[in-house]
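1. give me a model of this one.
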Amino acid sequence: MKYYLIAGERSGDLHASNLMKSLKVKDSEADFRFWGGDYMQSVGGEMVVHYRQLAFMGFIEVVLNLFTISKFIKQCKKDIAEWQPDVLILVDYGGFNLKIADYAKKAGFKVVFYISPKVWAWNQNRAYKIKARVDKMLCILPFEVDFYKKFDWDVEYVGNPVVEAVNAHKVNNNFLSENKLENEIIAVLPGSRKQELNKILPTIATVIEQFPTQQFVVAGVNNLPVEMYAPVAKYKNVKMVFEQTYDLLHFAKSAIVCSGTATLETAFFKTPQVVIYKTSPISYVIGKRVVKVKYMSLVNLIVNEEIVPELLQHECTTERITTELQKLLTHGIDYKSLTDIIGNKVASEEAAKSIVNL
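-> Residues are numbered from 1 along each chain as shown. Presented below is the predicted three-dimensional model:
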């Protein structure tokens, strides 16, 4: 069968690639065409657009790039119509993918959403629109099943793909020696988007100055220019590693993590973390008015209590991060409640089975 996938960011690229591997097991004639990244490309198929061209985040950032986004949406619709897939698989990236879902459903294509848009966070009535546009919703957060029941929609919890990715990782036992690192290190995961690095790294730089004897290691990504890491790379007690985030988390004593999928990855490596986030002031004000959840980090959202500290926007300061980091280095964090709720399903296998059956 022909599978058309759309992933608009790095984590979606990773999870979509594992789904593609599982689809190949269940369908020996699986043919892929996709919008994604290097992980998906490594599995095979034809990549149309790399996600680095789509990585717009925040209300203002999206508005400023509406023309570019509109152009990509038109290109995507045209490409789907020409390729005629058996199923369209949308991986997170709600704003873009829901527009594509609307087109595809009306055009008669089967539509699957793998990793639900965060409709539970704001404007929850969007769930009705999603339900009308999607044939099958495959969720990765346990509480989403009960959320969608309020809209008379039975969705499927397939497990969380982060668990699968972490469990599949083979630790490089030579990571420390190969990167000339000491045993006790503090990991810094500043995100994978330009906007995130621009907002967060200057503050992290001032935190590093408060710990002159600690070894900080920054998780870099190859899809961003190395020059973007300059605010922190200049310090003597800072090392950069690229595309080695899981090994870094395995060996780290604690971590400073930009809110997103990385908070779950850090938790499943049992690494204590402080979650931080900054965006443009206007985006934050708008977000504060419309977002209706108690927590920002996925870890706290899933367990419905604050087990990792969250420092957002005006709270994301040198003083607050320094204080929380000092606590982590002494006391750590217990993630048992999180792992109990998430369970042990293999997400890509469950999702692939559901898609092939559909």
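
2. in stretch 15-29, what counts as buried?
-> Neighbour-count burial for stretch 15-29 flags 15-24 (criterion: 16 or more other Cβ atoms under 10 Å). Just so you know, the C-beta spots here come from the backbone N, C-alpha and C atoms, and that holds for glycine as well.

3. before we move on, what about stretch 298-311?
-> 298-303, 307-311.

4. can you confirm Leu201 is in a helix?
-> Yes. Looking at Leu201 with DSSP: H, G, I helix; E, B strand; the rest coil, it is inside a helix.

5. please renumber so the chain begins at 56
-> Understood, numbering begins at 56; the last thing we discussed is Leu256.

6. can you lay out the buried residues of stretch 353-366 as CSV showing pLDDT?
-> As requested, the buried residues of stretch 353-366 are exported to CSV (pLDDT from 0 to 100):
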residue, pLDDT
Leu353, 93
Val354, 96
Asn355, 96
Leu356, 94
Ile357, 95
Val358, 95
Ile362, 96
Val363, 97
Pro364, 97
Glu365, 96
Leu366, 96
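
7. nearest to Glu379 among those residues?
-> Pro364 (4.6 Å; Cβ to Cβ).

8. show me what contacts the closest one?
-> 329-330, 379, 382 (Cβ atoms under 8 Å, 6 or more residues apart in numbering).

9. which parts of this structure are strands?
-> 57-62, 86-91, 101-105, 142-146, 165-169, 191-194, 211-212, 240-244, 270-275, 293-297, 309-313, 328-332, 365-367 (DSSP state E).

10. I'd like the ones you listed as JSON lines, with distance to Lys184 appended.
-> As requested, those are exported to JSON lines (distance: least, Cβ to Cβ, whole Å):
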{"stretch": "strand 57-62", "distance to Lys184": "18"}
{"stretch": "strand 86-91", "distance to Lys184": "22"}
{"stretch": "strand 101-105", "distance to Lys184": "25"}
{"stretch": "strand 142-146", "distance to Lys184": "14"}
{"stretch": "strand 165-169", "distance to Lys184": "12"}
{"stretch": "strand 191-194", "distance to Lys184": "12"}
{"stretch": "strand 211-212", "distance to Lys184": "19"}
{"stretch": "strand 240-244", "distance to Lys184": "33"}
{"stretch": "strand 270-275", "distance to Lys184": "36"}
{"stretch": "strand 293-297", "distance to Lys184": "39"}
{"stretch": "strand 309-313", "distance to Lys184": "29"}
{"stretch": "strand 328-332", "distance to Lys184": "27"}
{"stretch": "strand 365-367", "distance to Lys184": "28"}
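
11. among the ones you listed, which comes closest to Lys391?
-> Across the strands of the chain, closest to Lys391 is strand 328-332 (Cβ to Cβ), at 15.4 Å.

12. re earlier: restricted to helices, list the buried residues of stretch 353-366.
-> 353-358 (DSSP state H).

13. now the two most distant members of these.
-> Leu353 and Val358, at 9.8 Å, using Cβ to Cβ across these.

14. can you list the weak-confidence ranges in the stretch 156-305 of the chain?
-> Along the stretch 156-305 of the chain, segments meeting pLDDT under 70 are nowhere present.

15. please redo it, this time with the cut-off set to 80
-> For the stretch 156-305 of the chain, the stretches flagged by pLDDT under 80 are 177, 238, 278.

16. and stretch 75-92, average pLDDT?
-> For stretch 75-92, mean pLDDT rounds to 97.

17. okay, now Phe323: neighbour count?
-> 23 (other Cβ atoms under 10 Å).

18. great, nothing more from me.
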